[in-house]
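Asker: next comes the sequence, and after it the predicted model I'd like to discuss.
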Amino acid sequence: MATYVIDIEANNLLGPALDYSELPYTLKDTFKVWCLVAKNLNTGAVTVVDIHDSNPREICRQLFSDATAIVGHNIVGYDLPVLKLYGWLDYTIGYIGEKSTIFGREVEVYDTLILSKVD
């Protein structure tokens with residue numbers, strides 16, 4: 001089982017990237033995710049998934065198949081929603097009494113932005 005630190009690079013913030021014209025909101029056609037970088041803290045292996053990969057969703061599914069924890073800065077408010085809307089990732093955030101998941105597998109999600117605000 002593994003802990004991954006993730007970060008994405010894209011061409012815009014989430015708010016301006018959303019098409020609010022209908023529900024559910026979608027990303028505008030001009031929005032691009034350039035890459036997802038994930039480091040396995042157990043092995044040190046770094047994986048880059050980018051827009052040139054033929055099936056980034058399947059790469060992400062395989063990459064996180066052994067994940068027990070995902071760590072990142074503002075991943076709850078940006079990285080994870082963007083990756084889901086872009087079609088690269090399926091996830092849920094477990095609130096009180098619920099479990100967080102990635103591709104249906106239970107994981108712990110640690111957002112360092114949220115943690116930085118907790119005393």
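Answerer: Yes, it's here.

Asker: residue nearest the centroid of this protein?
Answerer: A centroid search over the chain (C-alpha atoms, centre = their mean) returns residue 80, at 3.1 Å, as the residue closest to the centre.

Asker: name the SS class of it, please.
Answerer: Taking DSSP: H, G, I helix; E, B strand; the rest coil as the rule, one finds residue 80 in the helix state.

Asker: roughly how far does it sit from residue 64?
Answerer: 11 Å (C-beta to C-beta, to the nearest Å). The way it works is simple: take the backbone N, C-alpha and C, and place the C-beta from them, glycine included.

Asker: and for those two, which residues touch both?
Answerer: Counting by C-beta atoms under 8 Å, 6 or more residues apart in numbering, the shared contacts of residue 80 and residue 64 are residue 89.

Asker: what's the closest non-adjacent residue to the residue nearest to the centre of the chain?
Answerer: In this structure, residue 80 finds its nearest non-sequential neighbour in residue 91, 5.3 Å apart by C-beta to C-beta, 6 or more residues apart in numbering.

Asker: ok, that neighbour to residue 85 distance?
Answerer: Distance from residue 91 to residue 85, by C-beta to C-beta: 11 Å.

Asker: those two: who's more crowded?
Answerer: Using other C-beta atoms under 10 Å, the more surrounded residue of residue 91 and residue 85 is residue 91, with 22 against 19.
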